[in-house]
Structures are given as structure tokens and as C-alpha cells.
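K.L.:
I need the structure of the sequence given here:
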Amino acid sequence: MEDRLAARLASLRGERGWSLEFLADRSGVSRSTLSRLERGEVSPTTALLGRVCAAYGMTQSRLLAEVESEPAAALIRAADQPVWRDEAAGFTRRAVSPPHAGLRAEMIEGVLGPGADVAYDRPTVEGLEQHVWILDGTLELTDGDTTYGLATGDCLRFRLWSATRFRNLTASPVRYAIVQVLP
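P.N.:
Presented below is the predicted three-dimensional model:
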């Protein structure tokens, strides 16, 4: 999947006729890092992928679904749900219901390891509606200037307009579901 992701990132830039410098300015990611991403020399972190997706105005789920080898089906068995890991950040992301071109909602399962901290400096899609439901553990979620302490069973609903941060301040993993709906 890493090779397909690199190729898709290169093709997205090519489809738009953007230079590396233009994409670097738009995403806040250095030209050299973008070049290495497109050549598959480095694996993107969650935050880095978020910045690139924001530049293209697409969700990470949509980008990752585009590089999956099989088209999205109506029924996705648990064993077939695409999983992406950012080992350095301690984050695992499962596309429970991969995006579909004709549908606006998708569901994602996230797991943050103990001490994990994932920050996004801007939304991938402005106005994206998110519902974060804590399945097990506790999560500190910051949306803009507001920080929420969420525990098992809690659900936070908001729209993405600014920076967000997901932190696990405990010694146990936190598992949560995100339902996101395109504006």
C-alpha cells in the first residue's frame, strides 16, 4: 500500500498541475519531504498526511481508500477493513466503512497508544462534521481553543474549522470511533 500511496500523492499533484513548491506553500510541508513522500522514500506520519490532505481538500480516509487495491463494497468484513498505522505516533486507524463517491459519511476506528499525541494544524476539509465516540479508555481532544476530557461512552460532536489534537494521557490504549460527514 505504501507504494500506491506514494504514486497517488504524485498523481494528485500532477492532476492539478502544481509544482512541489506550490504544494509546499499550500501544505506547510517542505519540498524535500514532499518529494521523498512521492517517491516512497518515507512513510507519512498521521499529522503529515493530514497537512497534505488539507492542501488537496480531501479527507485522509478518501485518500487511503483511493490506494486500496479493491473498490469499496457495501459490506466490509472486519478482516477486510483497511488498517493504517503510524508507529511513531502510536496511532492505528481502521476504515470501518471506507468512503464511497456517492455517500457523504464514513466511520473510522482509532486507537491511540499510551502517551500518544496526534495534532492536526488544520482540517483536511473545512466544515467536516465529526462525531467522536469513546469505545474504551480516555481521550483528551482539543478542538480549536477548547479541550475536552472524554471517557468510555462519551461522544463529542463538532465541525472542523481549526486545529485539533488527540492525546492519550494514560498508561492504557484508548479506542474510539469517528463518524465523519462531508459538508
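
K.L.:
mind listing the helices for this structure?
P.N.:
With helices called from DSSP state H, the chain shows them at 2-16, 20-27, 31-38, 46-56, 60-66.

K.L.:
For those, give me a markdown table that also has mean neighbour count and mean pLDDT.
P.N.:
(Glycine included, C-beta is placed from N, CA and C.) What follows is these, written out as a markdown table (neighbours: other Cβ atoms under 10 Å; pLDDT from 0 to 100):
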| stretch | mean neighbour count | mean pLDDT |
| --- | --- | --- |
| helix 2-16 | 15 | 88 |
| helix 20-27 | 16 | 92 |
| helix 31-38 | 17 | 92 |
| helix 46-56 | 22 | 89 |
| helix 60-66 | 20 | 81 |
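
K.L.:
can you put these in JSON lines and add distance to residue 97?
P.N.:
Below are the helices of the chain laid out as JSON lines (distance: least, Cβ to Cβ, whole Å):
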{"stretch": "helix 2-16", "distance to residue 97": "20"}
{"stretch": "helix 20-27", "distance to residue 97": "27"}
{"stretch": "helix 31-38", "distance to residue 97": "27"}
{"stretch": "helix 46-56", "distance to residue 97": "18"}
{"stretch": "helix 60-66", "distance to residue 97": "9"}
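
K.L.:
Between the ones you listed, which one is closest to residue 182.
P.N.:
helix 60-66 (8.8 Å; Cβ to Cβ).

K.L.:
List the contacts of the closest one.
P.N.:
Applying Cβ atoms under 8 Å, 6 or more residues apart in numbering, the external contacts of helix 60-66 come out as 5, 8, 46, 49-50, 53, 56, 72, 82, 84, 93, 95, 98-99, 106, 108, 124, 180.

K.L.:
who wins for proximity to residue 120 among the helices of the chain?
P.N.:
Across those, closest to residue 120 is helix 46-56 (Cβ to Cβ), at 4.4 Å.

K.L.:
To what extent is the residue lying closest to residue 130 once chain neighbours are set aside buried, counted in neighbours?
P.N.:
Nearest in space to residue 130, with sequence neighbours left out and distances taken as Cβ to Cβ, 6 or more residues apart in numbering, is residue 180 at 4.9 Å. Residue 180 has 21 neighbouring residues, counting by other Cβ atoms under 10 Å.

K.L.:
Please verify my assumption that residue 180 contacts residue 104.
P.N.:
No: the criterion here is Cβ atoms under 8 Å, and residue 180 misses it with residue 104 at 9.0 Å.

K.L.:
And the spatially most central residue of the chain, how close does it get to residue 110?
P.N.:
Centroid check for the chain by Cα atoms, centre = their mean gives residue 60 as the closest residue, at 4.1 Å. Distance from residue 60 to residue 110, counting by Cβ to Cβ, to the nearest Å: 11 Å.

K.L.:
isn't residue 20 right up against residue 33?
P.N.:
No: Residue 20 is beyond contact range of residue 33, at 9.8 Å (criterion: Cβ under 8 Å).
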